[in-house]
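*Asks:* no sequence on this one, just coordinates:
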């Protein structure tokens, strides 16, 4: 199959869509992005790489970073972390605070903000230099030591992050945050501020398509079972209120971020990342969602 | 791989679990079932069949039947049905009525009761003899014309079905039920009362592992894309409040029923059904869930 | 104080308001009402009566009738009824189904629909001819044997009453409705269809301003304590989502109906009723609310 | 009527109740209180004072202080404050965060924590020395310049006040908190830490029974209409989830605090305060509630 051709056609067919979305504007730094950026990076386990557009331009990966923090926490502490965070999809966001209260401070899954805060809290309790070690972990997956936080974005998010602060305090009131609220928020906003390109993301995620083994070194950073579970969580919970929709139209485990990036994997086959900053109403990249739907349709490469 | 041996080991390893669950008792007819029944049926696309235990004993398939009504509705009316029912997981059941009201009568997905009622309503509007035609459809998938409703169970459920009646009336008040409330409930309870064995279920579901084509006749009852979407819905919404858990531990699209049955499929590979009547707190077969988890772990046959 | 003058001034000052409201349109029969009707009836315990406008024109009293059914139930069964219905305000209507489910089928108070259905159910369990006996009770309070149901309105409401049917079924599923759902709904819709004029309403409610004693005959239909409690319930729960607002601006215990009527009492002093069919967004008579606010302001006759 | 005798009898009749409640234990400082304290202070507008028990012992007035901050805000800014806080009862506490989110950051009333935080925020925006000026205001109402904060309690509450911090951050995220979250919380916790005796409370509240005029000096600190509205708010919202119950059993506008104090007023007649530290499940003084119920029953002095 001519994957290069498929990607190029997708780029053309979806071009008109980016006008229909809106760049995230709640953070000044993110709102400045040129909405016309577009890139795809498709990477097979055998090493083949196909790419179109701005596949080497770095962007703010935002919530995609929650996969890395979860992966690190699973690798370090195993299944025990699921005593403090669930594995169920969250339903609508509108009642997330109600659910958190009703379910006694146990967030529904590690990808909603409350859950990601708990994962960060778990890492903070055990790591000596949590922000730095998290960065090293992501650099290792990517094989690139220049990956970094964007401090301006982190500070900017923190200064407007009252809803996350409400979540963190609610978790604390339920006893499910062990560290200082401010410290957890600081690490969390730094995590979300990491910048990577499509090519870097597809590289970093290849390990999740490879049953937890780093393709280059064969190092097993997650067990086969852990990798399976991480993928299952991406499948059912990776796209906020639109996880069902992504599963329904694309049919791959994946994760999105409000920076406009999406990454998905096909176990035993490939990883694919796409970037287009304009978002749909649910906060997912509008053109990116369509591009991935077209990709699994044209290539017949969905898990379902 | 010796699948027969795997299934036999699973039967032994999970035997103690059935005491920990509870047979559904809200319907007198269901509460009479012997909790010690246990069966598995594993059927590959190449025709191979492996089975253990009571794999030929019929039981009440209950919510598993929602897959058949949805499949029939998709086949007849295509994607248009998703204007009246969503494709997102539902979060906890405790706020299902709130969500239905908040989301203006559009059920979150076709597998929660409200969604299944809408699907039945769609079929009622178009079919001349809806209950009979639904039965014929299932008989065709199974290649068995003796599959039937259990009228005693249907009547029994209806007489206690006040929560479903509340749902149906709420849907009606939002204009998302076009037929008479009583008629919709009658068809719905009949649908849930269908009785099938593990071997019949694995046969009926093979079409969903085969991209929508009936293995015997090659007849395409769903398009490839429709079959993909049906599987995606089973993956994200097939197990009530435990859809994430099933995805997380088993890693296959599937559907459960309060009769204690579970069916799952691996696209392009196989279908598998299990039956053990004792349920966990979320209403899914306790031993059945564990049996399938062990199966994908031992066989390495998860989609993730 | 010249109460006649006060009422006449209020009629003039509030005249422009009725254009800003909307006549209830969910029931065909109610939507036909001329929105320009307006009447007030003010009746003191000493027998003095002041009235303006259409104070003798009958209208559909709707939810005001819930005071009569509650009064009858308290008189017959005493405080025991509060084991099946609460005495707390309900918060917003939007989550009424959630609350009912969360609070295990115990409606928050007897004036929300769910609570009124339970009160009707209590009466149905004990009375031989519930609809007739309820009518006799109201006739006795009013001293007028021509008060009656409007069957057309009752039938009309029932044919569209799916939300109430949802409530009734939910109550039934929680075991808090002992009679047949259809029968309870039939009695409930008949109760709401009763027609009375402002003068009749102010007469009927005088007993609640008189510590439970009928002014004419001195018959004690409620004990002093029961009358106090009924008034307290009207104060905190009588105006749907606007109970606080009515308490805040008017400062009297009272009850409204979607027919555009409002009745209020000042214990030991008077009863007052007003009618203007055009409703505000919360379903209360827009001009009626303002008229009563002006009355307690001008007359200094609030309980606070 | 022999009010002294009535109060003494109430003290005897309710004595056994204090064992059934529980002293608030979420703040170390509050949990140290001797649960056997009990006092009542009844003060008529004509100057008569009746008291029993520990009526001169100071205690932490906690949420009762919200009446003072609201009173001060109404006096300073009039009705405009009700653009930022509602006047409706709140329903159950369990969905307070949902409601706040659903209602776009407008708390339902000034007595739930979220509403009291907004009132404090309003005062912070306008006062030069808000904590000191608030103290002066309360001293003026009481005619006692020794009323003060308890800094230990304030600090203690703040260190455990994560739920309030969640609320404050949620308000901030909705734009309904204009000052710094930490500053608002600091003032709020200081406000709640004020210590007064029953006799001081009954004195301070007499102004609300007197249409807003200080009895001693005749100074009008609230207009008649403002005093009416404050009383109406106490009637419908003064007792958390039990406002209906207090209205139903006692029948007076009032306010409680988790320190075990309750104050109530009868417009144009009297104010009454009671203190017993052991609380019922809803957080109101168990013995205090009963004492006031007995008082209005024995004295026939309810507003209803």
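*Replies:* In hand now; what should we look at? Keep in mind it's a predicted model, so treat the numbers as computed, not measured. Numbers count the residues shown, from 1 in each chain, chains lettered A, B, ... in the order given.
*Asks:* please count neighbours and contacts with C-alpha atoms only from this point.
*Replies:* Noted.
*Asks:* tell me how many other residues crowd the residue in the stretch 1-150 of chain A that chain C sits nearest to.
*Replies:* With Cα to the nearest Cα, the shortest gap between the stretch 1-150 of chain A and chain C falls at residue A:102, namely 10.6 Å. Residue A:102 has 13 neighbouring residues, counting by other Cα atoms under 10 Å in any protein chain shown.
*Asks:* what are the contacting residues of stretch A:287-294?
*Replies:* Outside stretch A:287-294, the residues that touch it by Cα atoms under 8 Å, 6 or more residues apart in numbering or on different chains are A:10-11, A:14-15, A:17-18, A:21, A:246, A:249-250, A:260-262, A:274-276, A:278-279.
*Asks:* how much space separates residue A:77 from chain D?
*Replies:* In this view, residue A:77 and chain D are 27 Å apart by Cα to the nearest Cα, to the nearest Å.
*Asks:* so that residue is in which element?
*Replies:* Residue A:77 is part of helix A:65-77 when elements are defined by DSSP states H and E.
*Asks:* in the next helix or strand after that helix, what counts as buried?
*Replies:* The helix or strand immediately downstream of helix A:65-77 is helix A:96-102, counting by DSSP H and E. Across helix A:96-102, burial judged by 16 or more other Cα atoms under 10 Å in any protein chain shown covers A:96-101.
*Asks:* and for stretch A:4-16?
*Replies:* A:7, A:9-11, A:14.
*Asks:* can you tell me which of those end up in helices?
*Replies:* A:7, A:9-11 (DSSP state H).
*Asks:* dump those residues to CSV, plus pLDDT and distance to chain D.
*Replies:* Below are these laid out as CSV (pLDDT from 0 to 100; distance: Cα to the nearest Cα, whole Å):
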residue, pLDDT, distance to chain D
A:7, 98, 41
A:9, 98, 42
A:10, 98, 39
A:11, 98, 37
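*Asks:* chain center to the helix holding residue A:77, what's the gap?
*Replies:* When distances are taken as Cα atoms, centre = their mean, to the nearest Å, helix A:65-77 is centred 11 Å away from the chain's centroid.
*Asks:* what's the helix or strand for whichever residue of the stretch 101-250 of chain A sits closest to chain B?
*Replies:* Closest approach of the stretch 101-250 of chain A to chain B (Cα to the nearest Cα) occurs at residue A:244, with a separation of 4.3 Å. Here residue A:244 sits within helix A:243-249, counting by DSSP H and E.
*Asks:* now for chain A, the helix or strand with the poorest mean pLDDT.
*Replies:* Lowest on mean pLDDT, DSSP states H and E among the helices and strands of chain A sits helix A:96-102, with a mean of 78.
*Asks:* what is it packed up against?
*Replies:* Counting contacts by 3 or more Cα pairs under 8 Å, 6 or more residues apart in numbering or on different chains; DSSP states H and E, helix A:96-102 packs against helix A:162-173, helix D:96-102.
*Asks:* ok, which of these comes nearest residue A:154?
*Replies:* helix A:162-173 (13.1 Å; Cα to Cα).
*Asks:* format the helices and strands packed on helix A:96-102 as CSV; extra columns: distance to residue C:239.
*Replies:* Listed next are those as CSV, based on distance: least, Cα to Cα, whole Å:
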stretch, distance to residue C:239
helix A:162-173, 33
helix D:96-102, 19
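*Asks:* okay, now the residue nearest to residue A:164 when sequence neighbours are not counted: neighbour count?
*Replies:* In this structure, residue A:164 finds its nearest non-sequential neighbour in residue A:113, 7.2 Å apart by Cα to Cα, 6 or more residues apart in numbering or on different chains. With neighbours defined by other Cα under 10 Å, the count for residue A:113 comes to 21.
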